[in-house]
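In: My questions are about this predicted structure, shown below with the sequence.
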Amino acid sequence: MSVLVADAHPLYREALEGTINGFSAFALLSAEEGETLEQALERLRPAVLLIDPASTGVDPAAMLAATPEGTRVLIITSSPKQAEIHAALGAGAAGYLGKDCPARELCDVIASVGRGEARLGESIQPPLASEIQLRATTPRDYLTTREREILMLMAEGLSAPEIAARLCISTATVKTHQHHLYERLGVHDRAAAVAQAMRRGLVE
């Protein structure tokens with residue numbers, strides 16, 4: 001799985017590349033000297049672009065619109081902001097990570113994104129849940145009230161038993177609602193469900 005790293009801070013970029021290089025499943029790609037990101041993407045066409053938009057000065061929406069077909073974009077940032085996460089996912093980002101993530105999580109998320117999944121880092125889930133809560137001002141017919149409640153708690157990182165305890169229902173009932181959510185949204189996991197619901201405007 002080919003990966004291109006775009007980060008304007010040399011030390012951090014080298015750290016990211018060193019971590020990625022340590023996993024045999026990845027093929028690390030590099031831009032040539034003087035080459036723009038757009039030129040590197042067009043020439044290399046990586047499976048995954050790992051990018052920090054803040055450090056590179058790239059507008060996420062414009063970058064996502066110009067990314068070659070077949071390249072999945074995984075955003076990583078040192079200061080994830082609620083609205084920026086929401087906007088990036090809505091524009092088509094496949095994943096979002098905080099720079100405080102451990103190496104194992106970084107590589108797991110890159111692999112998942114490269115396989116076509118949507119993934120959010122653990123540190124991204126609380127601000128994303130807060131953004132959903134701030135934007136969820138009107139009911140949506142597509143999801144039931146209980147499904148929206150469970151979706152919110154999933155975004156906060158709660159497990160099925162923890163959600164059950166919070167809502168005073170059984171774990172089996174929570175899992176049934178999760179199964180219905182995944183079917184409605186056409187996904188297979190927690191992060192993808194949250195991202196897809198936001199993209200469709202079902203949960204704002």
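Out: Nice, thanks for sending it over. The shown structure was predicted, so the numbers you read here are calculated from the model rather than taken from an experiment.
In: count of residues packed around the closest residue to residue 123 other than its chain neighbours?
Out: Once its chain neighbours are removed from consideration, residue 123 has its nearest residue in residue 98; the separation is 3.7 Å (CB to CB, 6 or more residues apart in numbering). Where C-beta positions appear, they are placed from N, C-alpha and C, glycine not excepted. Counted with other CB atoms under 10 Å, the burial measure for residue 98 works out to 19 neighbours.
In: ditto for residue 40
Out: Burial of residue 40 is recorded as 18 neighbouring residues (other CB under 10 Å).
In: Next: residue 95.
Out: Neighbourhood size, residue 95 [other CB under 10 Å]: 27.
In: Could I get the contacting residues of it?
Out: 72-75, 109, 112-113, 118-121, 191 (CB atoms under 8 Å, 6 or more residues apart in numbering).
In: so of those residues, which ones are in helices?
Out: Members of the contacts of residue 95 lying in helices (criterion: DSSP state H): 109, 112-113, 191.
In: Can you name the two of the residues you listed that sit furthest apart?
Out: 113 and 191 (10.3 Å; CB to CB).
In: Name the residues contacting each of these two.
Out: 95, 119.
In: Pick out whichever of the ones in helices among the contacts of residue 95 sits closest to residue 150.
Out: residue 191 (14.4 Å).
In: Could you measure from the closest one over to residue 40?
Out: Residue 191 sits 28 Å away from residue 40 when distances are taken as CB to CB, to the nearest Å.
In: which stretches of the protein have low pLDDT?
Out: Within the chain, the set of residues satisfying pLDDT under 70 comprises 125-142, 201-204.
In: packing partners for the longest helix along it?
Out: Ranked by residue count, the top helix of the chain under DSSP H comes out as helix 171-185. Other helices and strands packing on helix 171-185, by 3 or more CB pairs under 8 Å, 6 or more residues apart in numbering; DSSP states H and E, are helix 145-155, helix 160-167, helix 190-199.
In: Tabulate the ones you listed in a markdown table, adding columns for distance to residue 102 and mean neighbour count.
Out: As requested, those are exported to a markdown table (distance: least, CB to CB, whole Å; neighbours: other CB atoms under 10 Å):
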| stretch | distance to residue 102 | mean neighbour count |
| --- | --- | --- |
| helix 145-155 | 21 | 20 |
| helix 160-167 | 22 | 16 |
| helix 190-199 | 17 | 23 |
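In: so which of those gets nearest residue 104?
Out: Judging the helices and strands packed on helix 171-185 by CB to CB, what sits closest to residue 104 is helix 190-199, at 16.3 Å.
In: Identify the residues contacting that closest one?
Out: Where contact means CB under 8 Å, 6+ apart, the residues beyond helix 190-199 that reach it are 86, 89-90, 95, 117-120, 128, 132, 143, 151, 154-155, 178, 181-182, 185-187, 203-204.
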